[in-house]
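Colleague: Structure of the sequence below:
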Amino acid sequence: MQSAADIIKDRNIEFDTAFDPVSKGGFTQVPNFILEDPTLSIGAKVIYAMFLRYAWHNEQCFPGQKTLGEAIGMCRTSVTQYVNELDKAGLITVQRRGQGRTNLYTIRFQVISKVVRKNKARTSRSQYTDF
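Modeller: Alright, predicted model coming up:
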């Protein structure tokens, strides 16, 4: 599977961002089913968006939780909580790679039925704090 960067190169598309600092920094698209899921906390949605940001440009996603926290102004403990929330919801998988190495995250692009998600949320929601 080709990365978005490779596809853009093949199609000769170029962004003129020399004078536009907003588009020069890039964009991250988040699927609407993530944004509209009432069982996900806002923190989990932001972490999911950051995973997309890292993975889309690098084809792999393995930022450290400290790095994620610093990028969005959260402490590492909160990042860990939201990563666990995404994992329990089935939206990502986490592969722990050993001491001193970052985890490898796999973003799962599948819409889980609202009934399944609500049942998962009922059983594990007490562990999370909504902000």
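
Colleague: pLDDT (mean, whole number) over the helix or strand where Trp56 lies?
Modeller: Using DSSP states H and E, the element containing Trp56 is helix 42-58. The average of the pLDDT scores along helix 42-58 is 87.

Colleague: okay, Arg97: pLDDT?
Modeller: So Arg97 comes in at 84 (pLDDT).

Colleague: Where does it sit: helix, strand or coil?
Modeller: Of the three states, Arg97 takes coil under DSSP: H, G, I helix; E, B strand; the rest coil.

Colleague: and it, what is it in contact with?
Modeller: Asn103, Leu104 (Cβ atoms under 8 Å, 6 or more residues apart in numbering). Bear in mind the C-beta positions are built from the backbone N, C-alpha and C, glycine included.

Colleague: which residues of this protein score low on pLDDT?
Modeller: Along the chain, the model assigns pLDDT under 70 to residues 1-18, 24, 57-62, 110-131.

Colleague: ranges for the helices of it?
Modeller: Secondary structure of the chain (DSSP state H): helices at 4-10, 21-24, 32-35, 42-58, 65-72, 76-88, 114-124.

Colleague: ok, now how distant is the residue nearest to Ser78 when sequence neighbours are not counted from Asp20?
Modeller: Spatial nearest neighbour of Ser78, excluding adjacent residues (Cβ to Cβ, 6 or more residues apart in numbering): Gly43 at 6.2 Å. The gap separating Gly43 from Asp20 is 30 Å, by Cβ to Cβ, to the nearest Å.
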